[in-house]
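**Student:** quick one: sequence and predicted model below, then my questions.
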Amino acid sequence: EIMRDYNLERDYDAYAEALLDWAMFLDNTGNDGSAMKTYRRALVLLQVVRGQDDEVIDNTLSRIANVLGRQGRAGEALQLLEQVKKRRIAVVGENHPLVADVYFSLSQVCEKKRDYQAATAALESCLRIRRATLGPFTEEVGMVISQIGIVEAHQAEFGKAICTWDEALAIYKKAGLFQDDVAVLDIMEHQANARRMLESLEEEQ
């Protein structure tokens, strides 16, 4: 009776999920080295139990790529994300929120390596898919537009960035976010910093 209730595959899957939860905690608290090791341990188990074409596996690979990007290993991160993107497109098609998520991760890595043209292109692809699949006035769309503003600010296009953030704020408002929401407050802080930079540039001239 005990052996009949024992399911090795189920137990491995549950252990992999527990490892993944712990890896995400380590990731979110800045413990990149430990997070990377734990993600990889979870990934090995998930690949055995679930096979290669699984959404959780792709999400784990994307998280590993994000850690690699933070560690300055942008080449490895981009290669990994391109593999994930190719597999997701093959499974769900190109115009799918899961593919949009990969484009967003690609933009983050490109931004860290200061390839702002590639970061913008990835964000525009993400934005196109999210608008088409989630609607034009959603928090997810506003987040992408806000990120485009950040990339513009990195290129010292402060006036353009402020306008882009205004667009993101308008979308957040339509999506039901309030003035004290963290996403809204972040944009307002970005805009204040950009205005200070513009004033400083004007004074120098």
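**Tutor:** That came through fine.
**Student:** going by C-alpha atoms from here, please, whenever you check contacts or count neighbours.
**Tutor:** OK.
**Student:** list the residues that contact the spatially most central residue of the chain.
**Tutor:** The structure's the chain has its C-alpha centroid closest to residue 105; by Cα atoms, centre = their mean the separation is 4.1 Å. Taking Cα atoms under 8 Å, 6 or more residues apart in numbering, we find residue 105 in contact with 62, 66, 81.
**Student:** now it: which helix or strand?
**Tutor:** According to DSSP states H and E, residue 105 maps onto helix 97-112.
**Student:** quick one: average pLDDT of that helix?
**Tutor:** Within the predicted structure, the mean pLDDT of helix 97-112 is 94.
**Student:** roughly how far is stretch 189-205 from the heart of the chain?
**Tutor:** Counting by Cα atoms, centre = their mean, to the nearest Å, stretch 189-205 is centred 28 Å from the centre of its parent chain.
**Student:** which residues sit against that stretch?
**Tutor:** By Cα under 8 Å, 6+ apart, the residues outside stretch 189-205 that reach it are 150, 153, 158, 159, 161, 162, 165.
**Student:** I figured the third one hits residue 152, correct?
**Tutor:** Yes. Taking contact to mean Cα atoms under 8 Å, the distance of 6.9 Å between residue 158 and residue 152 places them in contact.
**Student:** between those two, which one's more packed in?
**Tutor:** residue 158 (23 against 20; other Cα atoms under 10 Å).
**Student:** looking at that one now. What's its pLDDT?
**Tutor:** Looking at residue 158, the pLDDT reads 96.
**Student:** count of residues packed around residue 53?
**Tutor:** Counted with other Cα under 10 Å, residue 53 comes out at 14.
**Student:** likewise for the one 3 residues further on?
**Tutor:** For residue 56, the number of neighbouring residues by other Cα under 10 Å comes to 16.
**Student:** check the one 5 residues further on too.
**Tutor:** Residues near residue 61, counting by other Cα under 10 Å, number 20.
**Student:** from residue 170, how far out is it?
**Tutor:** Per Cα to Cα, to the nearest Å, residue 61 is found 33 Å from residue 170.
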